[in-house]
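**Q** Next comes the sequence, and after it the predicted model I'd like to discuss.
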Amino acid sequence: MMDELIDDMKDMKLAIFDLDGIIYRGNKLIPGVDKIIEILRNLNIQIVFNSNNSTLTRQMYVEKLNLFNVSCSIEDIFTSAYIAAEEITELKEKANIYVIGEKGLKEELKTKAHVIFENVKNFEEIDFVIVGLDRNFNYEKLTVAQQCIMQGQAHFYATNTDATLPDKNIELPGAGCMVAALEICTSQKPKKVFGKPSPNGITKILEKTNTPKDSAVIFGDRLDTDIRAGNRAEIKTVLVLTGVTSREYFDDIRNGNLSMDEECIPDLFFNSLDEIIK
């Protein structure tokens, strides 16, 4: 018999999946996820992927997912780096940018013809400082970014502010650590955070896929980013307990033992993705 969605999912035409903690942890596929994606596609549900992790290019994400037997194209990938590049271009074409971040963010910006400065000699030349996850973050990079903002006229933006990054069975420091460091030494907050919990990325996905809000769902493992972003974008939100949020923590929220902003409460929750199929 053909697999079917649970009743709450039957009207969905577009499924937006977070990556870290939903599809994989580190370099290990979460068991059975590839089969669930295949089943959803067979049920005529369009699949796209939306990650706050800005370290990889979209093509690198395609290759990584293909290795996990999850087929996709570059048009299916929406990262905080891609969204940053799109929105920065709307603010200024061919901007001079200092990046705290890795290849994914830099390449997305270069694709839009922006100039990435590795060595800054004149702080006043820099239009934007953009901060993402940088696993080679150091004092020198922080100093340059600070001076571009304080001595120059650079505007401060961030790809995301995730405190941690899932990796296998541990949590590693996330981009929020780098963002917080720059906040402290400049006494400024980013003018905008491009990734979740901002709804901008989801709104862009809906526009590009021509999907109405009531036909879209986001699957995420973080209440304060994935679920909040989905609720702000007014689409259905589903928490999957295979990533950052543990069942114990979520049960404490549901039972009133812990308080949580209503924006962070999902419409549905599952222990794993395979529970959406009946």
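**A** Ah, there it is. Residues are numbered from 1 along each chain as shown.

**Q** low pLDDT regions in this protein?
**A** Applying pLDDT under 70 to the chain flags the ranges 1-2.

**Q** Which parts of it are helices?
**A** Taking DSSP state H as the criterion, the chain contains helices spanning 33-42, 58-67, 80-91, 103-111, 139-150, 175-186, 200-209, 228-232, 247-254.

**Q** so what does the shortest one touch, helix or strand wise?
**A** It stands for helix 228-232. Identification of packing neighbours for helix 228-232 by 3 or more CB pairs under 8 Å, 6 or more residues apart in numbering; DSSP states H and E yields helix 200-209, strand 216-220, strand 236-240. Using the backbone N, CA and C atoms, a C-beta is placed for each residue, glycine as well.

**Q** For those, please prepare a markdown table with the additional fields mean neighbour count and distance to I88.
**A** Output for these, formatted as a markdown table (neighbours: other CB atoms under 10 Å; distance: least, CB to CB, whole Å):
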| stretch | mean neighbour count | distance to I88 |
| --- | --- | --- |
| helix 200-209 | 18 | 12 |
| strand 216-220 | 26 | 24 |
| strand 236-240 | 25 | 27 |
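
**Q** so can I have TSV of these showing distance to G101?
**A** As requested, the helices and strands packed on helix 228-232 are arranged in TSV below (distance: least, CB to CB, whole Å):
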stretch	distance to G101
helix 200-209	17
strand 216-220	22
strand 236-240	27
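
**Q** so who does T211 touch?
**A** Going by CB atoms under 8 Å, 6 or more residues apart in numbering, T211 touches 13-14, 46, 205.

**Q** Quickly list the domain ranges of the chain.
**A** Domain ranges of the chain: 7-52+196-276, 93-186, per automatic domain parsing.

**Q** what separates the first one from the chain centre, distance-wise?
**A** Taking the mean of its C-alpha atoms, domain 7-52+196-276 sits 12 Å from the chain's own mean (CA atoms, centre = their mean, to the nearest Å).

**Q** Next: the shortest one.
**A** Distance of domain 93-186 from its chain centroid, counting by CA atoms, centre = their mean, is 16 Å.

**Q** Tell me how many other residues crowd the nearest residue in space to K204 that is not next to it in sequence.
**A** Spatial nearest neighbour of K204, chain neighbours left out: I83 (6.4 Å); criterion: CB to CB, 6 or more residues apart in numbering. Other residues lying near I83 total 26 when counted by other CB atoms under 10 Å.

**Q** correct me, but I83 touches K192?
**A** No. In this structure, I83 is not within contact of K192 by CB atoms under 8 Å, at 10.2 Å.

**Q** who's in contact with the residue nearest to K92 when sequence neighbours are not counted?
**A** Distances taken as CB to CB, 6+ apart place D127 nearest to K92, at 6.0 Å, with adjacent residues excluded. D127 makes contacts with 92, 95-97, 153-155, as judged by CB under 8 Å, 6+ apart.
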